[in-house]
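Visitor: coordinates only, sequence not included:
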């Protein structure tokens, strides 16, 4: 599959995301925030970083970039979209996902190998995992606290839309230990930890993150 | 030219870590009796011509779509006094 990785001004992890896409068996296509078309890609990754300097709110300016108009329209038609860290913030600001990410409750930037449980293995990005699988990938964020009102949280839990949950410690004050969520259709996933940094033994804390990128093929042929 | 002010505040039920940090610093500086601090943002929007209802409606839309995130923040819109250069 052709997987687009968007680079915004201030993106950090776009190169790693492209690399993870390739290791996952796909062709990585670089997309630019000013693009008005998606160059025929089959899926899109919004990478981590500090797009537009995190000005106003994380993801608030990026959400209105030209490429996001295309991403939002394609997501509405079912195209798989994965937002990692800053990408998750952009997806929440775009209202493709519910809730918001706020500053970590302990006010410090956190960087650690984080254990997670995959709670929903039926999304376009998690079908390579077994439901309940426990994985370890890097987590690094300053504003990673997932919040939503109680009604929304209940709905997410009731509909199985919590994709991943923090294990051992809650690293940022996320309500109900939520590390990632999906939309109703399961094609859009937002995740605060970074699976793209855990795809090779040489450079990462193992390869537990690779499943997010191999899941796409499984979804395509399902 | 007239100025329309948009104040954006975190919703009461949303944790405000920055406000908490400020609140924690105040006693260390000798300021006592502070029970809570909430930190928000203020936008001063200078507009052309008069501030009509249509202009205010437009600023409302700005606040809803970009200046605030309705999931976590509330906002208010008001017209600044015309001679409000400095507030003592």
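Guide: That came in fine, so what should we check first? Worth saying up front: this structure is predicted, and the values here are computed from it rather than measured.
Visitor: residue A:22 is in contact with residue A:30, isn't it?
Guide: No: using C-beta atoms under 8 Å, residue A:22 makes no contact with residue A:30, being 11.9 Å away. Just so you know, the C-beta spots here come from the backbone N, C-alpha and C atoms, and that holds for glycine as well.
Visitor: excluding its backbone neighbours, what's nearest residue B:26?
Guide: residue B:34 (5.0 Å; C-beta to C-beta, 6 or more residues apart in numbering or on different chains).
Visitor: now do the contacts for that neighbour.
Guide: Contact partners of residue B:34, counting by C-beta atoms under 8 Å, 6 or more residues apart in numbering or on different chains, are B:23, B:26, B:27.
Visitor: of those, buried ones?
Guide: residue B:23 (16 or more other C-beta atoms under 10 Å in any protein chain shown).
Visitor: the contacts of residue B:34 in helices, which ones?
Guide: B:23, B:26, B:27 (DSSP state H).
Visitor: need the residues of chain A near chain B, please.
Guide: A:56-57, A:60, A:64, A:92-93, A:98-100, A:102-107, A:145, A:147-149, A:173 (C-beta under 8 Å from any C-beta of the partner chain).
Visitor: may I see the buried residues of whichever helix or strand residue B:58 is part of?
Guide: Residue B:58 is located in helix B:53-62, with elements delineated by DSSP states H and E. Under the neighbour-count criterion of 16+ other C-beta under 10 Å, helix B:53-62 has B:55, B:59, B:62 buried.
Visitor: any weak-confidence spans in the chain?
Guide: No chain in the question, so chain A it is. A:219-222 (pLDDT under 70).
Visitor: wrong one, I was asking about chain B
Guide: Across chain B (using pLDDT under 70), the flagged ranges come out as B:82-88.
Visitor: enumerate the residues of it near chain A.
Guide: Residues of chain B lying near chain A (C-beta under 8 Å from any C-beta): B:10, B:13-15, B:17-18, B:20-21, B:66-67, B:69, B:71-72.
Visitor: okay, the residues you listed in CSV with secondary structure and neighbour count next?
Guide: Shown next, in CSV, are the residues of chain B next to chain A (DSSP: H, G, I helix; E, B strand; the rest coil; neighbours: other C-beta atoms under 10 Å in any protein chain shown):
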residue, secondary structure, neighbour count
B:10, strand, 23
B:13, coil, 9
B:14, coil, 17
B:15, coil, 17
B:17, helix, 19
B:18, helix, 15
B:20, helix, 17
B:21, helix, 13
B:66, helix, 16
B:67, helix, 22
B:69, coil, 24
B:71, coil, 19
B:72, coil, 23
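Visitor: for the residues you listed, which one is nearest residue A:134?
Guide: residue B:15 (27.7 Å; C-beta to C-beta).
Visitor: ok, that closest one - contacts?
Guide: Residue B:15 neighbours (C-beta under 8 Å, 6+ apart): A:102, A:105, A:145, A:147, A:173.
Visitor: run through the bridge partners of the residue lying closest to residue B:42 once chain neighbours are set aside.
Guide: Computed as C-beta to C-beta, 6+ apart, the closest residue to residue B:42 that is not its neighbour in sequence is residue B:7, at 5.4 Å. Following DSSP bridges, residue B:7 is listed with bridge partners residue B:42, residue B:76.
Visitor: in contact with residue B:7, which residues?
Guide: B:40, B:41, B:42, B:43, B:75, B:76, B:78.
Visitor: quick check: PyMOL command selecting the buried ones in those residues.
Guide: Command for PyMOL that selects the buried part of the contacts of residue B:7, burial taken from 16+ other C-beta under 10 Å:
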select buried, chain B and resi 40+43+75
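Visitor: chain A: which of the contacts of residue B:7 is nearest?
Guide: Nearest to chain A, judged by C-beta to the nearest C-beta, of the contacts of residue B:7 is residue B:41 at 8.2 Å.
Visitor: re the thing from before, ok, now how distant is the residue nearest to residue B:26 from chain A?
Guide: According to C-beta to the nearest C-beta, to the nearest Å, residue B:34 and chain A sit 18 Å apart.
Visitor: element containing that residue, please.
Guide: Counting by DSSP H and E, residue B:34 is found in no helix or strand.
Visitor: before we move on, back to that, from the residues of chain A next to chain B, which land in helices?
Guide: A:92, A:93.
Visitor: what helix or strand is residue A:164 on?
Guide: strand A:162-166.
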